[in-house]
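[1] got a sequence here, can you model it:
(2 chains)
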Amino acid sequence: MAHHPDHDPGTGQYAYEDGNALAGPLSEILTVDPTSALGRCTGCGSRWPLAHLHVYAQAPGYVGRCPDCDQVILRLVRSPDKAWLDLRGTVALTFRLGP
Amino acid sequence: MARAAVPGRLGDRLRWKTARLADRRPESPAAHTLVFDVPGWPGHLAGQHIDVRLTAEDGYSTQRSYSLASAPDGERIELTVQRVTDGEVSPYLADELAVGDLLELRGPVGGWFVWRPEQKEPVLLVAGGSGLVPLMAMIRVRRAVGSRTPFRLVYSVRAPEDRLYVTELSRDDPGLDRTFLYTRSTPPQWPRPAGRLTAADLTPAGSPPDLEPTCYVCGPTGFVETAADLLVALGHAPDRIRTERFGPSGG
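    Next comes the predicted model:
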């Protein structure tokens, strides 16, 4: 399928938003801000806050990709009674917390 | 009760709330500011956003994110919604939602693209179109708390009539430097010809990289990518550049 990761083939527009868009959906699950959590890509090893992910929200859920190598970092799907979170693409997540 | 011992944490995840539209006012031909009363609103930080959910009678539901435009003010919040032609949500909010109507929303959320008054370093704000909204919340909080942190705003719009908050941004606000850029058409006798953001627009005295300002960039994805690349090329450290992009579902 000819789908350049940065552009929508139909409109030429960028087809993604960024990890800031995950703040609401992930805040249903986490009690601290998810967008400033630091992760590391299992594909290319780059580090980023989740806010930097490229997020595709046109799917039935959210797909977050590495801003450097485009690997899938996370997938999040919400049904009426469940949230399903796949974090396959990050080695870990580091959250800044108070004492 | 165990829950009462840790108020606001255990068992108290982010939930949808019902807000009531208290007022609305036009900001430009395509944008309106909507003022909501949100019972139980906990306050917010400049740059945070909310999610809005619209549900049709047949159960179809869709969500959008909108930045908070206002400084914290009790249970009252303001959003500025730009109408996107053929959009699914923004035309309803911008044109149809009437004073007294109810709306489902949740928030505030987001902790990355925020400015806190405790930050003392200079700030460079770079806005493309309605990307100004969260940056305006930062300007308003700075003013509300009497902060003397130097702020510089570079605001790019297509044409003069697209500008938001014109009156407020024309007012005296010591320590806030403002630069307007026009990409398609300019006001009469405007010194800078119409055109897209360039490195020269980001270099004037006031926010050189050696002052280590924190840079906040918000706008459409293409604008944000360009602005962030220019800032890095000018010598700003990538970890001092915070970005927020509008996505394709912004309508």
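
[2] residue B:158 reaches residue B:186, doesn't it?
    No: in this structure residue B:158 lies outside contact range of residue B:186 using Cβ atoms under 8 Å: 10.4 Å. For glycine as for every other residue, the C-beta is placed from the backbone atoms N, C-alpha and C.

[3] quick one, longest strand in chain B?
    What stands out as the longest strand in chain B, according to DSSP state E, is strand B:17-28.

[4] quick one: strands adjacent to the very next helix or strand once past that one?
    Later in the chain than strand B:17-28, the nearest helix or strand by DSSP states H and E is strand B:31-37. Within its sheet, and counting by DSSP bridges, strand B:31-37 is paired with strand B:17-28 (antiparallel), strand B:76-82 (antiparallel).

[5] my guess is residue B:28 contacts residue B:165. True?
    No: assessed by Cβ under 8 Å, residue B:28 is found out of contact with residue B:165, at 9.2 Å.

[6] closest one to residue A:90 among the strands paired with strand B:31-37?
    With Cβ to Cβ, the closest approach to residue A:90 among the strands paired with strand B:31-37 belongs to strand B:17-28: 30.7 Å.

[7] may I have the closest one as CSV, with CA atoms only?
    Extracted in CSV, the C-alpha atoms of strand B:17-28 (Å, rounded to 0.1, in the frame of the first residue of the first chain):
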residue,chain,number,x,y,z
LYS,B,17,-17.9,15.8,32.8
THR,B,18,-20.9,17.9,31.6
ALA,B,19,-20.2,21.5,30.9
ARG,B,20,-22.7,24.3,30.1
LEU,B,21,-22.0,27.0,27.5
ALA,B,22,-22.1,30.3,29.4
ASP,B,23,-21.1,32.7,26.7
ARG,B,24,-19.7,32.9,23.2
ARG,B,25,-18.0,35.6,21.2
PRO,B,26,-16.5,35.8,17.8
GLU,B,27,-12.7,36.1,17.5
SER,B,28,-12.4,36.2,13.7
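
[8] any idea how far that strand is from the chain center?
    Here the centre of strand B:17-28 is set off from its chain's centre by 16 Å, with Cα atoms, centre = their mean, to the nearest Å.

[9] does chain B have contacts with the helix or strand bottoming out on mean pLDDT in chain A?
    Lowest on mean pLDDT, DSSP states H and E among the helices and strands of chain A sits strand A:17-18, with a mean of 92. Yes: legend: contact between strand A:17-18 and chain B by Cβ under 8 Å from any Cβ of the partner chain is shown at A:17-18.

[10] so what pLDDT did residue 37 get?
    In the absence of a named chain, this looks at chain A. Here, the pLDDT recorded for residue A:37 equals 97.

[11] you answered for a different chain; I wanted chain B.
    For residue B:37, the model assigns a pLDDT of 98.

[12] contacting residues around it?
    B:19-20, B:22, B:75-76 (Cβ atoms under 8 Å, 6 or more residues apart in numbering or on different chains).

[13] what pairs with it across the strands?
    In this entry, residue B:37 is beta-bridged to residue B:20, residue B:76, by DSSP bridges.

[14] what about it, distance to residue B:64?
    According to Cβ to Cβ, to the nearest Å, residue B:37 stands 20 Å off from residue B:64.

[15] what residues does the stretch 51-200 of chain B have near chain A?
    Residues of the stretch 51-200 of chain B lying near chain A (Cβ under 8 Å from any Cβ): B:51, B:63, B:65, B:106-107, B:109-113.

[16] let's go with 7 Å and repeat that
    When proximity is defined as Cβ under 7 Å from any Cβ of the partner chain, the stretch 51-200 of chain B approaches chain A at B:51, B:65, B:106-107, B:109-113.

[17] by neighbour count, which of those residues wins?
    Within these, most neighbours by other Cβ atoms under 10 Å in any protein chain shown means residue B:110, with 30 neighbours.

[18] would you confirm that that residue contacts residue A:20?
    Yes: using Cβ atoms under 7 Å, residue B:110 is in contact with residue A:20, at 5.6 Å.

[19] what is in contact with these two at once?
    Contact criterion Cβ atoms under 7 Å, 6 or more residues apart in numbering or on different chains; residues shared by residue B:110 and residue A:20: residue A:35.

[20] circling back: buried ones in the longest strand of chain B?
    Across strand B:17-28, burial judged by 16 or more other Cβ atoms under 10 Å in any protein chain shown covers B:17, B:19, B:21-22, B:24, B:27-28.

[21] between those residues, which is nearest chain A?
    Distance to chain A, by Cβ to the nearest Cβ, is smallest for residue B:17 among the buried residues of strand B:17-28, at 12.2 Å.

[22] give the contact list for that closest one.
    Contacts for residue B:17 (Cβ under 7 Å, 6+ apart) come out as B:38, B:40, B:105-106.
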